[in-house]
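Engineer: the sequence and its predicted three-dimensional model are supplied below.
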Amino acid sequence: MQRKISISLDSRLIENIDSLVKQGKTKKRSQVIEQIIKEFFKEQTIKQAVILAGGEKPNFNKSDFNQNLRTIINEGVEEIYIITNLNEWDWLKQHQKNVNLHIIKEKTPLGTAGALKLVEKELSQRFFVILADISFNIDLHKIIISHIGSNSTATIGITTTEKRLSTDTIIMEGTKIKKFAYGVPPKEKSFLTNSGVYLLEKEIFKLIPKKGSLENDVFSKLATRESLNGFLFSGKWRHMGYG
C-alpha cells in the first residue's frame, strides 16, 4: 500500500531527478525517489549469518540457541551456516522453512577464526557472526546502523559485566574500540565485555588465519588500525560459562 507524503529537497537534487525522467528512465519523480530509498535500505539488510558452535565440547542450551536463531531470522537473515563438530541437529527442523540452514563440519578444533574461514567462499557480503554459547536480546538493526556509520571492518556487540567475569580489556573512544585484548590477567580486565555478537565485512578474511581466534588474532589488529567498532547495548545477555 502506498501513501502520499510531502518532502523538501535541494534544488540540484530535483534537477538530477528530472533529468532521469526526461531520459525516459522513469516516468515520475516519485519513482526515482522511491528507488533511491529502496537502495539505501537494501544496504541495511543482512542476508547471511554464521553461528560458531565448534570446539571439542560445545556448550549451549537448545532453547537459547533456538531463540537466537529466531532473532537472527526476524532481522531478515535468509541463510545461516552453523559450524560445529556435533552430529545431531534434527531439532532445528522447525526453522528450515524460514531460512536456508547449512551444517558445516569442523573436523578438528580450529578456533573461532579458523572455523569462520571454512565458509569464506560461501559468504558474499557483510554478515553476522554469533557464538553459540550465549543468550542475547539485542536490537540487531541498531548494530547494522552503527556499523554502517562507523565505516569499520567489524562491529562487536559490547555489554557490561562484573569485572571478575570479564574476559577482556576493552578501551573505547565514542564507538571506536581503541584497544581490544582477550584472555587478559585479572588486573587488566574491564567492566566491558565482548558479547559474542559480531557484524563483519567480507574483507576481514584478509586477516583471518586457517587456525586461530577472532578475539586474539583478528580483533586486536583491527583495534590498532582503528577499524573495530563497538556497539554498547543494555539488553539481556548471558554467557553459558557464567551459569
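Structural biologist: Received, thanks.
Engineer: quick check, central residue of the protein?
Structural biologist: L199 (2.4 Å; C-alpha atoms, centre = their mean).
Engineer: so that one, which state does it fall into?
Structural biologist: Following DSSP: H, G, I helix; E, B strand; the rest coil, we place L199 in the strand state.
Engineer: with T155 instead?
Structural biologist: T155 ends up strand, using three-state DSSP.
Engineer: tell me, how many residues neighbour it?
Structural biologist: The tally of other residues near T155 (other C-beta atoms under 10 Å) stands at 26. Quick note: C-beta positions are derived from backbone N, CA and C, even for glycine.
Engineer: didn't it look like it was pressed against G230?
Structural biologist: Yes - applying C-beta atoms under 8 Å, one finds T155 in contact with G230, separated by 7.2 Å.
Engineer: buried ones in stretch 87-103?
Structural biologist: L92, V99, L101 (16 or more other C-beta atoms under 10 Å).
Engineer: contacting residues for the first one?
Structural biologist: So that's L92. N66, L69, I82, L101 (C-beta atoms under 8 Å, 6 or more residues apart in numbering).
Engineer: of those, which belong to helices?
Structural biologist: Those of those mapping onto helices are N66, L69, per DSSP state H.
Engineer: ok, now how distant is N74 from N68?
Structural biologist: Using C-beta to C-beta, to the nearest Å, we find N74 at a distance of 11 Å from N68.
Engineer: who's more crowded, these two?
Structural biologist: Applying other C-beta under 10 Å to N74 and N68 shows that N68 carries more neighbours, namely 24 against 11.
Engineer: ramachandran angles for the spatially closest residue to the more buried one that is not a sequence neighbour?
Structural biologist: In this structure, N68 finds its nearest non-sequential neighbour in I130, 6.1 Å apart by C-beta to C-beta, 6 or more residues apart in numbering. For I130, the backbone dihedrals are phi -130, psi 130 (criterion: degrees, to the nearest 10).
Engineer: adjacent strands (with direction) for the host helix or strand of T193?
Structural biologist: With secondary structure defined by DSSP states H and E, T193 is part of strand 192-200. Strand pairing for strand 192-200, using DSSP bridges, gives strand 127-131 (antiparallel), strand 154-160 (antiparallel).
Engineer: mean confidence (pLDDT) on that strand, please.
Structural biologist: Average pLDDT, strand 192-200: 95.
Engineer: for stretch 13-29, same thing?
Structural biologist: When pLDDT is averaged along stretch 13-29, the result is 76.
Engineer: stretch 220-238 too?
Structural biologist: The pLDDT scores in stretch 220-238 average 94.
Engineer: show me how the chain divides into domains.
Structural biologist: As recorded under automatic domain parsing, the domains making up the chain are 12-42, 48-242.
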